[in-house]
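A.B. asks: Have a look; sequence and predicted model below, questions after that.
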Amino acid sequence: MNDLRKHSDPKRAPEAGEEAALSLLVAPVASGDPLRRRLLALADLITVLGAAATMSLSGPEPAAKALWFGAALPLWVVLAKLYGLYDADHTRIRHTTLDEAGRLFNWVTVSAALTLLLIAAVPQLSFSAGAAALAWGAALALAPIGRGAARGLWRRLIPSERGLVVGDGELADSFARKLALEPGHHLEVARRIALPGDASGRTLRKGLGELRAAIKRERPQRVVLAVEAAHEELLAGVVALCREQGLKLSVASPMRAMLGTAVSLAHLGELPVVEFRGWDPSRSTMAMKGMIDRVGSVLGLALCAPLLALIAVAIRIDSRGPAIFRQIRAGKEGRPFRMLKFRTMTADAEKRLTDVVEPEDLPEPMFKLSDDPRVTRVGRLLRRTSLDELPQLFNVLRGEMSLVGPRPEELWLVERYEEAERFRLAMKPGMTGPMQVHGRGDLEFSERLAIEREYIENYSLAKDLRILAQTASAVVRRRGAY
């Protein structure tokens with residue numbers, strides 16, 4: 001027991017020679033992080049060379065300008081390192097190129113500006129504003145493409161990270177479900193263990209001893225702490241153990257209701273402070289959202305006009321009834337509006353509702369069937385590809401919907417909402433939204449409410465643009481599309 005206490009004490013530094021013995025006792029599986037960093041650096045190298053080649057295509061002395069642009073490569077790599085573009089993947093369970101879009105933009109812009117200043121300082125060289133814009137645009141386009149390809153190649157070469165989940169309650173169950181719903185995490189849960197009792201005092205030492213033994217058996221690369229009673233002493237012990245063994249650590253917060261609405265984590269000295277958003281989005285933000293909706297809907301209708309016509313013809317050939325389905329839905333503040341969709345069910349689908357479900361028997365105000373017999377053959381294809389939603393571009397143009405927002409529900413379902421659930425009516429409903437990119441029809445009602453609450457309470461235009469970018473990937477995967 002004394003030895004166990006010695007190893008479990010988070011405040012005790014290892015004795016002489018003990019670190020080597022512990023590393024032999026619990027040797028983590030080799031990490032693929034160095035290879036990922038090298039692949040990302042290679043992608044950045046290709047980005048710089050591509051920008052240099054683009055700039056050399058315009059104006060005199062192309063080779064000299066390309067050579068000087070290439071000479072600035074170390075500057076680009078150093079700035080990428082300073083922006084944290086090689087290290088963000090290491091600590092996070094899920095990190096994608098889209099997560100670093102803002103930093104990528106800043107990195108490319110600053111690096112390109114400094115490189116162009118360097119070229120401008122060479123007396124024999126000159127370049128036009130157009131050439132500078134071409135180089136910047138090429139780098140801006142190549143950076144996310146190259147980095148996305150590098151991460152994709154890395155996932156193919158490196159096996160999924162082995163994870164050990166500490167916890168056997170509702171929080172651990174929720175974590176496991178999120179892993180199943182969210183793609184791109186590259187994490188495989190090797191085992192779940194539970195800490196005994198409330199993991200305090202003597203039981204804490206016992207729990208950390210069991211965790212140490214589990215690490216020895218499973219040889220994970222990451223530990224995930226997902227327990228409801230995560231107090232400071234427990235966290236300190238697990239952090240010390242993971243640092244001792246060179247393991248990554250993620251903590252699923254038991255305070256989801258609080259941290260889900262947090263804007264940022266700041267520090268007052270050494271004291272962490274959670275900063276909350278306590279106000280609604282500004283008028284200028286909502287005005288810009290409305291402008292993006294109008295412009296996006298006009299462009300979408302112009303680009304999709306031939307496709308809209310083809311789909312309408314296919315629906316009419318496949319089954320009797322109109323191509324467009326109109327239904328009253330709840331809009332902002334619950335105001336009803338007539339939503340447009342391509343018809344995916346038989347013409348008498350609403351009359352046959354009680355054939356598939358009894359509204360009064362629904363345990364929650366949500367209704368979605370994966371094998372609804374009323375769906376037509378063409379309708380099933382339209383649902384899986386989300387093409388049935390395209391007519392809602394007209395709703396967006398009329399100001400009844402937004403490109404991004406909570407999904408609009410039928411009035412009879414909204415009438416069953418509890419007061420705490422009506423928050424989702426605070427914004428215009430969207431053609432796509434957080435539900436569509438985080439599980440779609442596979443989400444339970446409580447999960448859907450949680451991600452929509454996070455969207456509304458932390459709203460930003462950047463979040464809308466992110467969801468729009470993620471929607472294409474969600475459509476391609478087709479998971480949860482009924």
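C.D. replies: Nice, thanks for sending it over.

A.B. asks: Model confidence at the residue nearest in space to the middle of the chain, what's the number?
C.D. replies: Nearest to the mean C-alpha position of the chain, counting by CA atoms, centre = their mean, stands D99 at 7.1 Å. According to the prediction, D99 has pLDDT 86.

A.B. asks: Check the secondary structure at it for me.
C.D. replies: Put simply, D99 is helix when judged by DSSP: H, G, I helix; E, B strand; the rest coil.

A.B. asks: The nearest residue to it once chain neighbours are set aside: what's it in contact with?
C.D. replies: Among residues not flanking D99 along the chain, A88 sits closest, at 7.4 Å (CB to CB, 6 or more residues apart in numbering). Where you see a C-beta, it was placed from the backbone N, CA and C, and this is true even at glycine. By CB atoms under 8 Å, 6 or more residues apart in numbering, A88 lies in contact with 95, 99-100.

A.B. asks: With distance to L247 as new columns, can the residues you listed be given to me in CSV?
C.D. replies: Formatted as CSV, those follow (distance: CB to CB, whole Å):
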residue, distance to L247
H95, 18
D99, 23
E100, 24
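
A.B. asks: any idea which of those is the one closest to L397?
C.D. replies: Nearest to L397 out of those is D99 (CB to CB; 31.4 Å).

A.B. asks: Quick check: the residue nearest to D99 vs L157, distance?
C.D. replies: 19 Å (CB to CB, to the nearest Å).

A.B. asks: and what of G296?
C.D. replies: Computed as CB to CB, the G296 to L157 distance reads 38 Å.

A.B. asks: between these two, who's got more neighbours?
C.D. replies: With neighbours defined as other CB atoms under 10 Å, G296 and L157 compare such that G296 has more, 19 against 11.

A.B. asks: Run the chain-centre distance for the helix or strand containing the more buried one.
C.D. replies: Using DSSP states H and E, G296 sits in helix 283-318. Relative to the centre of its chain, helix 283-318 is centred 25 Å away, using CA atoms, centre = their mean, to the nearest Å.

A.B. asks: quick one: contacts of the helix or strand following that helix?
C.D. replies: Using DSSP H and E, the helix or strand that follows helix 283-318 in sequence is strand 324-330. Where contact means CB under 8 Å, 6+ apart, the residues beyond strand 324-330 that reach it are 312, 336-345, 350, 391, 408-411, 414, 425, 429.

A.B. asks: Any quick ChimeraX command for the buried ones out of these?
C.D. replies: In ChimeraX, a selection of the buried entries from the contacts of strand 324-330 looks like this (16 or more other CB atoms under 10 Å):
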select :312,337,339,340,341,342,343,344,345,391,408,409,410,414,425,429
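
A.B. asks: Would you report which members of the contacts of strand 324-330 are assigned to strands?
C.D. replies: Of the positions in the contacts of strand 324-330, 336-342 sit in strands, assigned by DSSP state E.

A.B. asks: So, low pLDDT: which residues of the stretch 1-150 of the chain?
C.D. replies: In the predicted model, the stretch 1-150 of the chain carries pLDDT under 70 at residues 1-31, 58-62, 125-127.

A.B. asks: What ranges does it have for its strands?
C.D. replies: Counting by DSSP state E, counting those that start in this stretch, the stretch 1-150 of the chain has no strands to list.

A.B. asks: Just to be sure, M431 is in a strand?
C.D. replies: Yes: M431: assigned to a strand according to three-state DSSP.

A.B. asks: residues contacting it?
C.D. replies: Residues near M431 by CB under 8 Å, 6+ apart: 389, 392-393, 395-396, 401-404.

A.B. asks: One more: D33?
C.D. replies: Shown in contact with D33 (CB under 8 Å, 6+ apart): 89-90.

A.B. asks: close enough to count as contact, R352 and T346?
C.D. replies: Yes: counting by CB atoms under 8 Å, R352 does reach T346; the two are 7.4 Å apart.

A.B. asks: who's more crowded, those two?
C.D. replies: The residue with more neighbours, out of R352 and T346, is T346; 17 against 13, by other CB under 10 Å.

A.B. asks: still on that earlier bit, pick out whichever of the contacts of A88 sits closest to G209.
C.D. replies: The closest of the contacts of A88, once distances to G209 are taken by CB to CB, is H95, at 32.4 Å.

A.B. asks: give me the low-pLDDT residue ranges for the stretch 351-482 of the chain?
C.D. replies: Within the stretch 351-482 of the chain, the ranges that satisfy pLDDT under 70 run 355-370, 478-482.

A.B. asks: returning to that earlier point: neighbour-wise, which of the contacts of M431 leads?
C.D. replies: With neighbours taken as other CB under 10 Å, the top of these is V404, carrying 30 neighbours.

A.B. asks: what sits against that residue?
C.D. replies: Per CB under 8 Å, 6+ apart, neighbours of V404: 430-433, 463-464, 467-468.

A.B. asks: Y455 too?
C.D. replies: 406, 433-434, 463, 467.

A.B. asks: now L104
C.D. replies: Taking CB under 8 Å, 6+ apart, one finds 85, 97, 140, 143-144, 147 in contact with L104.

A.B. asks: what would those look like in JSON lines with distance to L79 and neighbour count?
C.D. replies: Shown next, in JSON lines, are the contacts of L104 (distance: CB to CB, whole Å; neighbours: other CB atoms under 10 Å):
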{"residue": "L85", "distance to L79": "9", "neighbour count": "21"}
{"residue": "T97", "distance to L79": "17", "neighbour count": "19"}
{"residue": "L140", "distance to L79": "14", "neighbour count": "17"}
{"residue": "A143", "distance to L79": "12", "neighbour count": "28"}
{"residue": "P144", "distance to L79": "16", "neighbour count": "20"}
{"residue": "R147", "distance to L79": "15", "neighbour count": "22"}
